[in-house]
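>>> sequence unknown, structure follows:
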């Protein structure tokens, strides 16, 4: 099976590729910020399953949310449909998709585009609205509050907590990727996928 991972150099992407490398008969193709749209279309032609993890969460301009999230998702869908194949797609979305901020709206648009793709083609689509993910290879001050806290504590840097009454919902990266790879043989869409083990911290 040939598997395409978009966002392959990100926190989740690196962990997923490491997990896929331990599965027999899996060939991984990668798409990241340095890849071209030509390479994306070429790899889609060869893909049997796509993990769509690429996205933008800290842009300089608001428009980049839409270009890097919903825009890239639509480009991916167009490439799939041009290939004539019905390729299963797993989307790494965010719990922010439930909110009315630009990041959340761009993620929600990505979800809706993939739901429409599933309806048109019958291809399986799996959508995860992930909460805070923590674990190995996460970057402090970027994609994991746990990594930021660990980094600061180990260097005697004061912790900044903006909302003391908020309860954090957390999932561990190994649980995330294990749940992801469990869909490689699934034939039916699930637009509300969940990670089985979750943690909460107040």
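Ah, there it is. Computed from a predicted structure; not experimentally measured. Numbering: from 1, shown residues only.

>>> where does this structure have its least confident helix or strand?
helix 145-154 (a mean of 74; mean pLDDT, DSSP states H and E).

>>> what helices and strands are in contact with it?
strand 132-134 (3 or more CB pairs under 8 Å, 6 or more residues apart in numbering; DSSP states H and E). Yep, even glycine has a C-beta here, placed from its N, CA and C like the rest.

>>> sheet-wise, list the partners of the strand it packs on with their directions.
strand 168-172 (parallel) (DSSP bridges).

>>> tell me the mean pLDDT over the strand it pairs with?
Averaged over strand 168-172, pLDDT sits at 91.

>>> in the chain, what spans have low per-residue confidence?
Residues of the chain that meet the criterion pLDDT under 70 lie in 142-143, 147, 151, 163-164, 202.

>>> can you give me the strands for it?
With DSSP state E, the ranges of strands along the chain come out as 2-6, 27-31, 49-52, 89-94, 125-130, 132-134, 168-172, 190-193, 199-201.

>>> and residue 115, what does it touch?
Counting by CB atoms under 8 Å, 6 or more residues apart in numbering, residue 115 makes contact with 125, 127, 191.

>>> mind putting those residues into CSV with neighbour count and distance to residue 135?
Output for those, formatted as CSV (neighbours: other CB atoms under 10 Å; distance: CB to CB, whole Å):
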residue, neighbour count, distance to residue 135
125, 26, 25
127, 23, 21
191, 16, 25
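
>>> now the end-to-end length of stretch 94-103.
Using CA to CA, to the nearest Å, one end of stretch 94-103 lies 9 Å from the other.

>>> which residues touch it?
Here stretch 94-103 makes contact (CB under 8 Å, 6+ apart) with 57, 62, 65-66, 69, 104, 107-108, 111, 129-131, 169.

>>> which of those are buried?
Burial by neighbour count, 16 or more other CB atoms under 10 Å: within the contacts of stretch 94-103 this picks out 57, 65-66, 69, 104, 107-108, 111, 129-131.

>>> with distance to residue 165 added, can I get these in JSON lines?
As requested, the buried ones among the contacts of stretch 94-103 are exported to JSON lines (distance: CB to CB, whole Å):
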{"residue": "57", "distance to residue 165": "24"}
{"residue": "65", "distance to residue 165": "27"}
{"residue": "66", "distance to residue 165": "32"}
{"residue": "69", "distance to residue 165": "29"}
{"residue": "104", "distance to residue 165": "21"}
{"residue": "107", "distance to residue 165": "25"}
{"residue": "108", "distance to residue 165": "26"}
{"residue": "111", "distance to residue 165": "29"}
{"residue": "129", "distance to residue 165": "22"}
{"residue": "130", "distance to residue 165": "22"}
{"residue": "131", "distance to residue 165": "17"}
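
>>> which two among these are spaced furthest apart?
Comparing all pairs in the buried ones among the contacts of stretch 94-103 by CB to CB, the longest separation belongs to 66 and 131, at 22.5 Å.

>>> bridging residues for residue 201?
Per DSSP bridges, the residues bridged to residue 201 are residue 168.
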